[in-house]
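# Output the structure for:
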Amino acid sequence: MNRRSLGRFGWITPGLAVLIGMSLLSAGCETKSFFDPTEMGRYSKKPIPVPILKTLDTGYEEEDPRYATATDVRPSDLVAVSQDYVIGRNDLIQVSITDLVAPGVESVKVSRVSESGFISLPLVGQVQAAGLTEAQLEAAIVQRYRDANLIQQAQVSVVTLEARSRTFTITGAVNRGGQYQILDSNFRLLDALALVGDVTSPVGIENIYIVRQKRHDIEPQTTVPAAPGEAAPATQPTQDLLTPRSQSPLDLSPKMMSQAPEQAGSEAQANQPATAAAPGSEGRIIIVDDKPMTIEGGQAVPAQAEAPAATEAAPAEPSTQGFEFNALQEPSDVRVIRVPYQPLQRGELKYNVVIRPQDLIIVQQPVIGEYYMGGHVARTGVYSLTARNITLKQAVIAAGMLDQLAIPSRTQIVRRIGPDREIFARVDLDKIFAGEQPDILLKPDDQIMVGTNALAPFLAAFRSGFRLTYGFGFIYDRNYWEQNRL
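Just a heads-up that it's a prediction; the model follows:
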């Protein structure tokens, strides 16, 4: 076939090319490119929910070292206890006493409770204040002046000026950290956050931790006080709550009463110190009144102390081990409560716990750090992770997706699992973008590497051959028409 024939029937080839292109375009509406593995995504019309993982599925533990002993919120943490304030150490109290210096004259004394729990009052000295309510301290002061024969019926008033024992401390990602007063018995976590001006950034905060002394904690089995109009839970009538647990209630039945004299006599006989020995016990040593006695002639006589045998002490061998401190132990008198911040911010009040005296509230700082994109992505480099929850898909999109030589299934994440260790985990970007595998939240210092294989360069060259400007595009070049040569 000469050039004239090629030019005459040359329209067939462009027509076939247009048909093939239209068929490929129509097929590409619902399917990914067959020759382009860098094309990722799920283009189905049916939506599916896919979880997002916080850790890599590698079989290695990726434990969060922060507050490993923390517990979740209990129902008892939401119970507010209404009771009078109990004076504690370092509290500042004001005591008013009438008729102390003269009839009808009120004396006012402002005193801070000492570390040992006492305050000093005129003419009577030290008075125990810590552990008492204001009313109980008033009664104790009245009794103290009566016992000293100073005032028989003193008029005493006690007011707490600074309730240092009813405070909480808040620190972390808040605007105004410090120590604050608990304003009422129903003071809760959201009230504390509002008091300090809320958190510095609502993004990136996962948990709030509350370190609570167990003496202020309410045990789960504690009975909640009954509301007004409701019947209080009844205690067992046959058990005296003041009886020590080692003693059982007395049985006053006639049978036990008749046996009581016999038991008392046997117990008295058992407690009687033995001075006469039984036959056949000559030479034995017995203990009478915590003293060793020897049986001689049927009578117990004090035993002679034997002189210890003189033995030559072996010289102590020098220790080859150096001095070592005992390992640090976690305190057993505190409890750490883990409160999820995001659900609390969304209004789930089951996490709005009651703040109790001496609570330490630690608002977790947002994540700070960077992650690194490398390999066959459009823009390699360092990306910020501060105060953000970034997934692997978002990181790849931020890097401009993949280049022409990338193979999505050959992607690995290098993650640090300790100060001097890291783990390599392979993931499949194609399945993650298609929703067949869950996405993964990145952590500081994560390294994402997108790899390739030996076939990728040939696929890239083959795809380039279909570009309009070269390759099969020669069929549109009018230079091959013979008429152009005339």
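# contacts, neighbours, all on C-alpha from now
Noted.
# in which helix or strand would I find residue 109?
In this structure, residue 109 sits in strand 106-112 according to DSSP states H and E.
# Surely residue 160 and residue 89 touch.
No: distance between residue 160 and residue 89: 11.9 Å, which falls outside the contact criterion (C-alpha atoms under 8 Å).
# Okay, domains of the chain per the record?
Under the assignment named as automatic domain parsing, the residue ranges that make up the domains of the chain are 3-31+468-485, 52-62+367-453, 92-162, 167-218+333-363.
# for the longest one, what is the average pLDDT?
This means domain 52-62+367-453. Throughout domain 52-62+367-453, pLDDT has a mean value of 90.
# hey, what's residue 209 bridged with?
With DSSP bridges as the criterion, the beta-bridge partners of residue 209 are residue 338, residue 362.
# Report the contact partners of it.
With contact taken as C-alpha atoms under 8 Å, 6 or more residues apart in numbering, residue 209 is in contact with 70, 336, 337, 338, 339, 361, 362, 363, 364.
# Same check on residue 383?
For residue 383, the residues meeting the contact criterion (C-alpha under 8 Å, 6+ apart) are 370, 371, 372, 373.
# Could you grab the helix/strand/coil label for it?
State at residue 383, reduced to three classes by DSSP: H, G, I helix; E, B strand; the rest coil: strand.
# partners of it in the sheet?
With beta bridges defined as DSSP bridges, residue 383 has these partners: residue 371.
# Would you tell me what helix or strand residue 126 is located in?
Residue-wise, residue 126 maps onto strand 125-128 under DSSP H and E.
# Ignore what I typed, I meant residue 190.
According to DSSP H and E, residue 190 maps onto helix 189-195.
# got the contact list for stretch 422-432?
Residues from elsewhere that reach stretch 422-432 (C-alpha under 8 Å, 6+ apart): 40-41, 56, 58, 393, 408-417, 437-439.
# which of those residues count as buried?
By the neighbour-count criterion of 16 or more other C-alpha atoms under 10 Å, the contacts of stretch 422-432 include these buried positions: 40, 56, 393, 408-416, 437-439.
# Specify which member of the residues you listed is nearest to residue 138.
The shortest distance between residue 138 and any of those, using C-alpha to C-alpha, involves residue 416 and amounts to 61.6 Å.
# from memory that closest one sits against residue 445, does it?
Yes: A contact is recorded between residue 416 and residue 445 when judged using C-alpha under 8 Å, the distance being 7.2 Å.
# Switch the contacts of residue 209 over to CSV; also include pLDDT and distance to residue 143.
Supplementary listing: those in CSV, determined by pLDDT from 0 to 100; distance: C-alpha to C-alpha, whole Å:
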residue, pLDDT, distance to residue 143
70, 89, 46
336, 93, 42
337, 94, 43
338, 94, 46
339, 95, 47
361, 96, 41
362, 95, 44
363, 94, 47
364, 89, 50
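# Can you tell me the element residue 144 falls in?
Secondary structure assignment for residue 144, by DSSP H and E: helix 134-147.
# so what does that helix touch, helix or strand wise?
The contact analysis (3 or more C-alpha pairs under 8 Å, 6 or more residues apart in numbering; DSSP states H and E) places helix 134-147 against strand 155-162.
# mind listing what's buried in the strand it packs on?
Of the residues in strand 155-162, 155, 156, 157, 158, 160, 162 count as buried by neighbour count, 16+ other C-alpha under 10 Å.
# Now do the same contact list for the nearest residue to the second one once chain neighbours are set aside.
Excluding the flanking residues, the one nearest residue 156 by C-alpha to C-alpha, 6 or more residues apart in numbering is residue 97, at 4.7 Å. Taking C-alpha under 8 Å, 6+ apart, we find residue 97 in contact with 106, 107, 108, 154, 155, 156, 157.
# what pLDDT does residue 97 get?
The per-residue pLDDT of residue 97 was computed as 92.
# Who is it paired with across the strands?
When assigned by DSSP bridges, residue 97 has beta-bridge partners residue 107, residue 156.
# Which positions in the strand holding residue 109 come out as buried?
Quick answer for strand 106-112 (16+ other C-alpha under 10 Å): 110, 111, 112.
# mind exporting stretch 454-463 as PDB, just the C-alpha atoms?
Below are the C-alpha coordinates for stretch 454-463, written out as PDB (Å, rounded to 0.1, in the frame of the first residue of the first chain):
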ATOM      1  CA  ALA A 454      10.600  -3.500  38.200                       C
ATOM      2  CA  LEU A 455       7.400  -3.400  36.100                       C
ATOM      3  CA  ALA A 456       6.500   0.200  37.100                       C
ATOM      4  CA  PRO A 457       8.800   1.900  34.600                       C
ATOM      5  CA  PHE A 458       7.500  -0.100  31.600                       C
ATOM      6  CA  LEU A 459       3.900   0.600  32.600                       C
ATOM      7  CA  ALA A 460       4.700   4.300  32.900                       C
ATOM      8  CA  ALA A 461       6.300   4.200  29.400                       C
ATOM      9  CA  PHE A 462       3.300   2.300  27.900                       C
ATOM     10  CA  ARG A 463       0.900   4.900  29.400                       C
END
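# Which stretches in the protein count as helices?
3-8, 12-27, 134-147, 189-195, 254-271, 341-345, 392-398, 429-433, 456-464 (DSSP state H).
# Select from those the stretch with the lowest mean pLDDT.
For those, the stretch scoring lowest in mean pLDDT is helix 254-271; its value is a mean of 45.
# ok, residue 132 to residue 51 distance?
Taking C-alpha to C-alpha, to the nearest Å as the measure, residue 132 and residue 51 are separated by 54 Å.
# Please compare these two by neighbour count and tell me which comes out ahead.
Neighbours of residue 132 and residue 51, each counted by other C-alpha atoms under 10 Å, are more numerous for residue 132; the result is 17 against 10.
# Give me the neighbour count for residue 385.
Neighbours of residue 385 using other C-alpha under 10 Å come to 22.
# Let me see the contact set for the nearest residue to it once chain neighbours are set aside.
Closest residue in space to residue 385, ignoring its immediate chain neighbours: residue 370 at 4.8 Å, by C-alpha to C-alpha, 6+ apart. Going by C-alpha under 8 Å, 6+ apart, residue 370 touches 382, 383, 384, 385, 386, 444, 445, 446.
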